[in-house]
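In: got a sequence here, can you build the structure:
(one chain, ligands or ions: 4)
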Amino acid sequence: MSVIKLAVIPGDGIGKEVVPASLKVLDVLAELHGGLRFEYKQYPWSCEYYLEHGVMMPEDGIEQLKDSDAVFLGAVGNPNLVADHISLWGLLIKIRREFEQVINVRPARSMKGVTSPLANPKDFDLIVVRENSEGEYSESGGRIHSGKDEVVIQNAVFTRKATERAMRYAFELAKKRRGKVTSATKSNGIVHSMPFWDEVFHQVAAEYPGIQTESRHIDALSAFFVTRPHEYDVIVASNLFGDILTDIGAAIMGSIGIAPAANININGKYPSMFEPVHGSAPDIVGKGIANPIGQLWTASMMLDHFGYQDLGKNLLQAIESTLEKGIKTPDLGGRSKMDEVIEEVINQLKNM
Ligand SMILES: NC(=O)C1=CN([C@@H]2O[C@H](COP(=O)(O)OP(=O)(O)OC[C@H]3O[C@@H](n4cnc5c(N)ncnc54)[C@H](O)[C@@H]3O)[C@@H](O)[C@H]2O)C=CC1
Ligand SMILES: CC(=O)C(=O)O
Ligand SMILES: [K+]
Ligand SMILES: [Mn+2]
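Out: Ligands and ions are numbered 1, 2, ... in the order given. Purely as a prediction, here's the structure:
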């Protein structure tokens, strides 16, 4: 019997709904497999935890997560209780950085049974490789003076190491896919980091003569995600650009509620973390209508990550069959509750 030890952090808002629901599905998958078991350690770290303890996670929090095989996270953030920059940097971003989860892999593709908001969409299948350790998300900077004299400086940090690493990851991924990498740049407006980004892209591209490459400014690329997403295969982007592009990717699929993400520790030193692209969705919390598919698809990426590609594929297929049957939450134009979606996904898996 193989055991996968998961550190489970539901976090805030609908994270507390979609995470437990997804664990039920993981248990069914393990049972059907017969030789696999998931072991869960639950962590209550969240904005409510912060109100009680003054921190998003205990001082030895990272230490506590270290011996798990992966972190399975829902969402972090409840701006009514804690300012977002405090809660996210205290938990989500802290884990990404401490565990050197330097790449954030975020696929978006046409899904059977889901109507894209695009008018006449051709089938698309793309993956955004988001640099996940630095870039625009940096603590470098500060505020001085106040009132009319107030000055705020926010530095973006781009290292050759991390930039090359993200690009190599994208090229390696493209080799296994349709052989095209698009770089998201903005070297016409951002005069230091983005020309550097372009330079590194060209250098790394030279190592992969078989791969088709393209550089696009982020503004135009955002528009092309909407008008011609089928032209993209792998997109490599900085932390912020990748963050924004993947919400667009989610939107053109049909809903932010279905998009998955994998925060990958590529040196094998620490656990990777699997979470949906979406946040805690305070506007729908407690209504039972959160779409669990982002969290489930993330679970499918986690299964792939651990070498259980068959299970990962079965899970995705069960998700698509459920959608095709019209069992969908309201964000996808459906009338089903989260629990009904989960129940149908489980039925589909059992009848495979
Ligand atoms: N990785 C993370 O943990 C992230 C956390 N956040 C945090 O989440 C909180 C809310 O952020 P927002 O900007 O509102 O983004 P959000 O992704 O939570 O919500 C945006 C919109 O999408 C809807 N939505 C999101 N997930 C859904 C799902 N599974 N099913 C159905 N509808 C869904 C929401 O109802 C809302 O209308 C903030 O505290 C923010 O900082 C935001 C994005 C990512
Ligand atoms: C924080 C956020 O929006 C993300 O990681 O996608
Ligand atoms: K999330
Ligand atoms: Mn985001």
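In: now name the helix or strand holding residue 41.
Out: Assigned by DSSP states H and E, residue 41 belongs to strand 36-42.
In: which neighbouring elements make contact with that strand?
Out: strand 2-11, helix 15-33 (3 or more Cβ pairs under 8 Å, 6 or more residues apart in numbering; DSSP states H and E). Using the backbone N, CA and C atoms, a C-beta is placed for each residue, glycine as well.
In: now the ones you listed as CSV including distance to ligand 2 and mean pLDDT?
Out: Below are the helices and strands packed on strand 36-42 laid out as CSV (distance: least, Cβ to the nearest ligand atom, whole Å; pLDDT from 0 to 100):
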stretch, distance to ligand 2, mean pLDDT
strand 2-11, 12, 98
helix 15-33, 13, 98
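In: look up how far residue 43 lies from residue 95.
Out: Separation of residue 95 from residue 43 (Cβ to Cβ, to the nearest Å): 10 Å.
In: hang on, the earlier thing: and the contacts of the strand holding residue 41?
Out: 1-8, 10, 23, 26-27, 29-30, 68, 308, 311 (Cβ atoms under 8 Å, 6 or more residues apart in numbering).
In: how about residues contacting the helix or strand following that strand?
Out: Following strand 36-42 in sequence order, the next helix or strand is helix 47-53 (DSSP H and E). With Cβ under 8 Å, 6+ apart as the test, helix 47-53 has contacts from 12, 55, 56, 57, 76, 77, 78, 81, 82, 86, 87, 90.
In: now name the helix or strand holding residue 263.
Out: Assigning secondary structure by DSSP H and E places residue 263 in strand 260-264.
In: can you point out the buried residues in that strand?
Out: Residues of strand 260-264 classed as buried by neighbour count (16 or more other Cβ atoms under 10 Å): 260, 261, 262, 263, 264.
In: same question for stretch 157-164.
Out: Buried residues in stretch 157-164, counted by 16+ other Cβ under 10 Å: 158, 162, 163.
In: and of those residues, the nearest to ligand 1?
Out: Using Cβ to the nearest ligand atom, the shortest approach to ligand 1 within these belongs to residue 162, at 19.8 Å.
In: hang on, that closest one packs against residue 102?
Out: Yes. Using Cβ atoms under 8 Å, residue 162 is in contact with residue 102, at 6.4 Å.
In: which residue is nearest the middle of the chain?
Out: Of all residues in the chain, the one closest to the mean position by Cα atoms, centre = their mean is residue 261, 2.3 Å from it.
In: mind listing the residues bridging to the residue of the stretch 51-200 of the chain at minimum distance from ligand 3?
Out: Going by Cβ to the ion, ligand 3 is nearest to residue 75 of the stretch 51-200 of the chain, at 4.1 Å. Judged by DSSP bridges, the bridge partners of residue 75 are residue 11.
In: these two touch, right, it and residue 279?
Out: Yes. Look at residue 75 against residue 279 with Cβ under 8 Å: they come within range, at 4.8 Å.
In: so those two - more neighbours on which side?
Out: Using other Cβ atoms under 10 Å, the more surrounded residue of residue 75 and residue 279 is residue 75, with 29 against 23.
In: strands of the stretch 51-200 of the chain, start to end?
Out: In the stretch 51-200 of the chain, the strands defined using DSSP state E, counting those that start in this stretch lie at 70-75, 103-109, 125-131, 141-144, 151-154, 180-185.
In: elements contacting the first one?
Out: By that I understand strand 70-75. Under the contact criterion of 3+ Cβ pairs under 8 Å, 6+ apart, strand 70-75 touches strand 2-11, helix 15-33, strand 272-276, helix 293-305.
In: repeat the analysis, applying 10 Å as the threshold.
Out: In terms of contacts (3 or more Cβ pairs under 10 Å, 6 or more residues apart in numbering; DSSP states H and E), strand 70-75 is packed against strand 2-11, helix 15-33, helix 93-98, strand 260-264, strand 272-276, helix 293-305.
In: any chance of these in JSON lines, with distance to ligand 3 too?
Out: Below are those laid out as JSON lines (distance: least, Cβ to the ion, whole Å):
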{"stretch": "strand 2-11", "distance to ligand 3": "8"}
{"stretch": "helix 15-33", "distance to ligand 3": "7"}
{"stretch": "helix 93-98", "distance to ligand 3": "11"}
{"stretch": "strand 260-264", "distance to ligand 3": "7"}
{"stretch": "strand 272-276", "distance to ligand 3": "4"}
{"stretch": "helix 293-305", "distance to ligand 3": "8"}
